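In: predicted model and sequence follow; I will ask about them next.
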There are 4 protein chains.
Amino acid sequence: MSKLIDYAEVLKHKSKDSCWVILYGNVWDVTDFLPEHPGGSSIILKLAGKDATEEYDPIHPPGTLEENLPESARIGPVDPKSLPEPVKAATNVGPAPDTERELPLAALLNLDEIEAAATKKLSKKGWAYYYSAGDDLFSKEFNNTVYRQILLRPRVFVDCEKCDLSTTFLGYKLDLPVFVSPAAMARLAHPDGEWGIAQACNSFGTIQMISNNASMTPEQIVKDAGSNQVFGWQLYVQTDRKKSEDMLARINKLDAIKFICLTLDAPVPGKREHDERGKYEVEDASQAIKDAGGAELKGGGGIGQSLFFGTDPTLTWTKTLPWLKKHTNKSIILKGLQCHEDAYLASQYAPQVRGIILSNHGGRALDTAPPAIHTLLEIRKYCPEVLKRLDVVVDGGVKRGTDVVKALALGAKAVGIGRAALFGLGAGGIAGVERVLEILRDETATATRLLGAARVTDLGPIHVNTRAVERDIYDGPGDLPAASGGLWTKSKL
Amino acid sequence: MSKLIDYAEVLKHKSKDSCWVILYGNVWDVTDFLPEHPGGSSIILKLAGKDATEEYDPIHPPGTLEENLPESARIGPVDPKSLPEPVKAATNVGPAPDTERELPLAALLNLDEIEAAATKKLSKKGWAYYYSAGDDLFSKEFNNTVYRQILLRPRVFVDCEKCDLSTTFLGYKLDLPVFVSPAAMARLAHPDGEWGIAQACNSFGTIQMISNNASMTPEQIVKDAGSNQVFGWQLYVQTDRKKSEDMLARINKLDAIKFICLTLDAPVPGKREHDERGKYEVEDASQAIKDAGGAELKGGGGIGQSLFFGTDPTLTWTKTLPWLKKHTNKSIILKGLQCHEDAYLASQYAPQVRGIILSNHGGRALDTAPPAIHTLLEIRKYCPEVLKRLDVVVDGGVKRGTDVVKALALGAKAVGIGRAALFGLGAGGIAGVERVLEILRDETATATRLLGAARVTDLGPIHVNTRAVERDIYDGPGDLPAASGGLWTKSKL
Amino acid sequence: MSKLIDYAEVLKHKSKDSCWVILYGNVWDVTDFLPEHPGGSSIILKLAGKDATEEYDPIHPPGTLEENLPESARIGPVDPKSLPEPVKAATNVGPAPDTERELPLAALLNLDEIEAAATKKLSKKGWAYYYSAGDDLFSKEFNNTVYRQILLRPRVFVDCEKCDLSTTFLGYKLDLPVFVSPAAMARLAHPDGEWGIAQACNSFGTIQMISNNASMTPEQIVKDAGSNQVFGWQLYVQTDRKKSEDMLARINKLDAIKFICLTLDAPVPGKREHDERGKYEVEDASQAIKDAGGAELKGGGGIGQSLFFGTDPTLTWTKTLPWLKKHTNKSIILKGLQCHEDAYLASQYAPQVRGIILSNHGGRALDTAPPAIHTLLEIRKYCPEVLKRLDVVVDGGVKRGTDVVKALALGAKAVGIGRAALFGLGAGGIAGVERVLEILRDETATATRLLGAARVTDLGPIHVNTRAVERDIYDGPGDLPAASGGLWTKSKL
Amino acid sequence: MSKLIDYAEVLKHKSKDSCWVILYGNVWDVTDFLPEHPGGSSIILKLAGKDATEEYDPIHPPGTLEENLPESARIGPVDPKSLPEPVKAATNVGPAPDTERELPLAALLNLDEIEAAATKKLSKKGWAYYYSAGDDLFSKEFNNTVYRQILLRPRVFVDCEKCDLSTTFLGYKLDLPVFVSPAAMARLAHPDGEWGIAQACNSFGTIQMISNNASMTPEQIVKDAGSNQVFGWQLYVQTDRKKSEDMLARINKLDAIKFICLTLDAPVPGKREHDERGKYEVEDASQAIKDAGGAELKGGGGIGQSLFFGTDPTLTWTKTLPWLKKHTNKSIILKGLQCHEDAYLASQYAPQVRGIILSNHGGRALDTAPPAIHTLLEIRKYCPEVLKRLDVVVDGGVKRGTDVVKALALGAKAVGIGRAALFGLGAGGIAGVERVLEILRDETATATRLLGAARVTDLGPIHVNTRAVERDIYDGPGDLPAASGGLWTKSKL
């Protein structure tokens, strides 16, 4: 019988360079086994120099130890008298209570947890601006829940060892099929602002579209762009055309910005009550304004409202596109299409128009406007050729990798996130945005593999069951036979 | 280096006539810029004479200041030692707590907030009378949620700078497509009563229909009518015809009342438990009545019940319309049609009948009766020609501008509000009703623009996706082939 | 100016024989007006001898007083100095708080309030027995909510002054289209038991079906039957046929019992956990049984379970009906049919079988079994001739008069209530059952009138929109073309 | 008049050998009646030696006593003066409060109560591992609720005295149509582990499929197998094929293991946040790992994650099946098919493949993957011949006997449970698993009888109404006519 080993000795071996654990009364040297452990080395290191039996036993069948460790790894029996009294957890049962301490970013497991973490850190005004959406937030909510209505159809016996998440947009490569949609006022979340988002996009090899209402200048945002990094720049055309033309001139000089994203879904601002409410929350605001001789406060008008000042609501297909073409050589995409008729019209302007973003502005413009997935299904139903003539992407409501693969299976080249990037920024600056992209990348990879697809570009309608959504898709105005579907639509345009 | 400016000096310039703010350590005179500020002057005046950096910084990209203000506006650096200690908000994060203080009307952003404000001010009896509806309030609730089931279909690249909200009803112009439906007992909400509603309608250029059970006389209500102001008058025909005839004689003399609204959806009162319950809430009511020798209290019978006393439940198409025609020369409309068959019948009586109100009495009559939108879709399905022969309007459940545009897109000339006007009255008298109309006007304008329509009369079925509602629309009795739809309906009538 | 009247004098006139009230400072003698008051005399008597201005003013337009009362009714001005100080209600706003005091039966406005009142009074065991249903109570709940899925279609301009609620079943007249289904163990609710229910049924002119498991003998229950009162008697056939035959012999002697209701929906008991749970709620029950040498308690078996002891699960169409016919001359109906195939089969046995009750046993047998309304719609879809060959009635889930008219519009001759009668009994004995029948009668009358029908027998499929339910109705097994519908069903039988 | 009997004397007779009770003042000797009592003898024994009147009276009609007991059983009147004072229950009304004491297994009436009991006993880690599922737990929840969407169609007048629950799988008999699906790490629940589950399966005559990641060796699990007991063994193929081949060699030697269940629905692990979260819940885990020189904790990776280490994601129809066949002579089934295309493909490999388990891995792999019932309905719709060529079973979400009969009616040979067995183990070891099987057996028998079927193998599509589910079943990709359904699917494969 081997000599008993004192627990004090065991305690000395609690590093990855020399790692001992006690199992069933024996001391084992598991240093060499660390890199091979199926569960990763951390799980062992956590117990280095300790009795690991209670954690080990219920999840390893007998014999596992002997199978995986050579006899030489057994140091010998521990001296039971040298062991400390076990400390019993007082309440080790049931679901975990909500914890109040701030979790590390790695412990935020999904986008809802990122948002929750950011909500604790943001100013009330910043939170309200990001969180807000039109009227009753119906479209904002529906943007997300419509993805839950779509079921996935996993295939088996498909080799999915490698999982290629890369896609392209306007010919540019994205390492993952998720980009950052234009979203204003990033510095309300964090001083890193839009520049910070750019750094995270560079790390993950994806595109950032810069908001027309960014809280930093385009020059600042792109100044540390990676060599292959791609940006788009969002344009709200100003009534004072000269202002827009000057801005385009500045943008034209920035090589990293590859395309202009003309935004159409908000010719006037939506009604965002969470944002507007802010005005009344400072108790003496009304009085201060009155004292200063200002007009009485009227309903309406938070941050969102002011950003729209000067935006031109008179744009048309025939006037605006030629004007824009005249002032830039960069590619042009249109953002905010919400019905197949407009998507079809856009496709008639290809290749002048290169792509479109199906979007209801994150639910921030017109409440009860359809989610992008509805518009995508409308296009599939009435004019699928649009998907060939234009690069079509969607945004709004994406919270899970399963949402990403659903949009892709239905023909989108990629999906955009808006609030998620801002909440990531609020939760942890650059690292927070990176964590958001990491979560979506990992979830998208997992979903792609479990669907039985080797690359995201293999995804197709066979991978999704959209029946619950199909029955809500626009079926033509009631006074025309629905059966004439796509045809009348086009003939009418 | 310029001379340091003492904060005491800055504090003197906090009016719109001389407005200084501190930004990044410099004092700026923004007086001349006030009218040009995209966000409106109030936002600046709120900060007049203060350090605005914290509010300004995160939402303005660098360079904004220099772009918009001449160098001459820079007064110079503030003396940091003269600045007061900053006061940090204790908890400046997360969503706002519900506030208990009474908000100004302008801070009530939507009709639910108006109702909440009124609920705090109304007597329990008044609240119960307004709030109540039939049985389980199913139809009351459905009147509203059915609008949520309809999705909007925004078009882009449409010039919507001007937004014309005007419409007509019976040839009379409404400045906005929202009128006030007949709703009884306005003085339960506010002493201004129905007269107060009239004043608000005049300000907003719309029609008020006076309830047969108004708490003021018609003469009082119309006495301050504007020169173009239009009223309707609601008629419940009394069993004692003489009473109705006398009343019509009085109405005939009032020029501002342009039409008679014969109400048909409540030949007997519905069961409104919130209202009826009032009777039992005074602890000693039963005893008092007993002491007085009265009969024991029976179930049933609040305010709603008593108002119906004397109403004639024997009306018919062939008896009642000729009688009414004999006693008035004013236009006649019918209120309370709830199926396409009756709408079709009404259209056979045109032009004797000029218009109809699709209504389930705000859900106050028969619970599980269909919302007006259902009836409108039934008409579109079975007998769309009704929409050409009659002016069709709807009421019930309208809470948002998006609800208004949906009804209009489906063929209604305008929509009526009932409780909303009363709750507006309860929340702030005339100004409260005006705030209700203002909210609906602004929301309707926003929705119209975001739909890509230049005027509400341009709205059509192409602007709405009604599939989720269509599948619930009546499909004929099961024992007849559904396909014979409209035809058998008409042949049967 | 008339002499001031002292308030002490007013106070003397607070009976229906001499009733004074103060309005706007004047004392009025309203004694003669009492019977004419539209709101009923109680509302005035409640205020007899008091200042009624605050209650009167907001709901009566100016002039109402003068129009309705002769000048002679004005006694004169009250002496303001003699009036008591007004007592202000502390919080007279918002919705009413839940009251704890026991309300009089007349103040219980609907069947949910009756159940709530009974729940406070019943023993835990009695409550559990009545409340319980199979498994997760899905069918129990659905029995009710399926009625909410059906919309009503009110017609206007129909003379509905008279409202005839009477119907017939097996040729017997019911004054209202609601009968009492067989429901066991009424004395768990109240000592009046099934006899008490009989008294209430007699008052309201309707049928009571006596449970096979009544807590009183049939002889006791019918002993005070009215001269035209009609009873049915429920039969669960016993494995020991002799017992059933003896019982039938007893029933045959009771003239008031007009028919036998053979129950088929519970050949074995369902799993009613609320009921079964009772067994374990007495802390020491297990111990007591053990001490007595009994077997250990097993899962299963509350009151419901024991009642089924001896019930024969081997009944068949061809064996059981001839046996029953041999032992009684009374009419026979079948209870518990849940699919159109069985309803069709039953119709093949007419006139031996006179009627059927579509029922899932109040959700107490098989959970997720269809509600009776589903079976009724199945019959309309596949074999509507059944409705002509048999008297079809339904039970389960009826809580509102609107539920009653829906079932009638779809072809049921009447609807049965079970728990509602028992909860009525629990809430107030005979008077409680009467209140239940009164509520349903009044609600049914209101619904019939508001639908624009003069009598319940005029109700038809044109009065209901069942689309939301139709799409859930059985469409044939997937392996046969649905289109062959009724035909294959019949050919297969 | 007989002599009064002292209560002290009654108290002596409180065993099953001599059992007296007091009823209406008389003492009765009910010893001989005990075995005949319809409610079972326990109910009487509970009251042995006591006054049973209060319990007896409301549920027995008068005369019951005299009918069932001979006069000789009446001992005589009790001496009222000898009776103890009655103790009144303080609050004997309303629903029962939740009790905190631990209930005996027999008092756990359904699978939710079993889970609740286990949750109180499990370690937080064990609970999280069992409870967890992919992403938002949508599929886990839907697995269960989809059964609620299916309605049952009970038939009447069917002799269901005997109820045969037995079925077969791969030719082996199961006494009830419920088996235990492979579920890992049973010793996290209870030291009896997978061996314990085996004992329970033996008692109930059903199959256990042993998880590839069992916490005991296969040899340990089957060591006490009954003579006819049947096991399956789950295989996750390892990238290191040698390991899998060695394992198969061990399995080949175990006669009780009759088939290999190749699992395909989790080529990579799903994202199970409840499980992953565990890692961060020990406050100092990160620090300990850091101190040991380990890498920083990354998102992802609970128990579930580590179990997948080494699993090969490159399996294909053509490579993997021949390899497997080479290494075992046992029958092969495939687990985790989730669309009809793969089920059809599997059927092309019959008889090499003998059966399939439709499964989404208990919702633990890909969230929003379809429940097995969807896949089963897809198979019925597109390629019903699969049900003839293969033994098809389902798992996931089964909580009720009604769920079991629904799956069977649609063509499944049996249904598997996973978590339920583990929670049973956690609630009470072997006895807990037995209680789970007992509940499901009894519920399945009740449901089968109430459906009017004499044996579960008689169940067919005529017993279920699946319309609410049918409309969500995959209808082919949008770009092909749905009508070509089954055909194109097969031609494409």
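Out: Arrived safely.

In: could you confirm A:Q229 falls within a strand?
Out: No - using DSSP: H, G, I helix; E, B strand; the rest coil, the assignment for A:Q229 is coil, not a strand.

In: for the residue of the stretch 101-250 of chain A found nearest chain C, give me phi and psi.
Out: Per CB to the nearest CB, A:Q149 is where the stretch 101-250 of chain A lies closest to chain C, at 17.4 Å. Heads up, the C-betas are built off the backbone N, CA and C, glycines and all. For A:Q149, the backbone dihedrals (degrees, to the nearest 10) come out as phi -80, psi -20.

In: do the same with A:P177
Out: phi -80, psi 40.

In: from what I can see the residue of the stretch 101-250 of chain A closest to chain C touches A:R467, true?
Out: No - using CB atoms under 8 Å, A:Q149 is not in contact with A:R467, being 9.0 Å away.

In: so what's the residue of the stretch 101-250 of chain A closest to chain C up against?
Out: The neighbours of A:Q149, taking CB atoms under 8 Å, 6 or more residues apart in numbering or on different chains as the test, are A:466, A:468-469.

In: now whatever residue of the stretch 301-450 of chain A ends up closest to chain D: closest residue in space, sequence neighbours ignored.
Out: Nearest to chain D, among the residues of the stretch 301-450 of chain A, is A:L450, at 3.9 Å (CB to the nearest CB). Excluding the flanking residues, the one nearest A:L450 by CB to CB, 6 or more residues apart in numbering or on different chains is D:L366, at 3.9 Å.

In: show the backbone phi and psi for A:D255.
Out: Dihedral angles (degrees, to the nearest 10) for A:D255: phi -60, psi -30.

In: most surrounded residue in the contacts of A:Q149?
Out: Within the contacts of A:Q149, neighbour counts (other CB atoms under 10 Å in any protein chain shown) peak at A:T466, which reaches 24 neighbours.

In: show me where the stretch 251-400 of chain A dips below the pLDDT cut-off.
Out: Along the stretch 251-400 of chain A, the model assigns pLDDT under 70 to residues A:278-289, A:295-309.

In: for it, which segments count as strands?
Out: Secondary structure of the stretch 251-400 of chain A, counting by DSSP state E, counting those that start in this stretch: strands at A:257-263, A:331-337, A:353-358, A:391-395.

In: same deal with the stretch 51-200 of chain A?
Out: Assigned by DSSP E, counting those that start in this stretch, the strands in the stretch 51-200 of chain A fall at A:74-77, A:151-152, A:167-169, A:172-174, A:178-180.

In: can I get the strands of the stretch 251-400 of chain A in TSV with distance to A:E54 and mean neighbour count?
Out: Shown next, in TSV, are the strands of the stretch 251-400 of chain A (distance: least, CB to CB, whole Å; neighbours: other CB atoms under 10 Å in any protein chain shown):
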stretch	distance to A:E54	mean neighbour count
strand A:257-263	57	23
strand A:331-337	56	25
strand A:353-358	53	26
strand A:391-395	48	27
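
In: got those as TSV, with distance to chain B columns?
Out: Shown next, in TSV, are the strands of the stretch 251-400 of chain A (distance: least, CB to the nearest CB, whole Å):
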stretch	distance to chain B
strand A:257-263	9
strand A:331-337	6
strand A:353-358	10
strand A:391-395	15
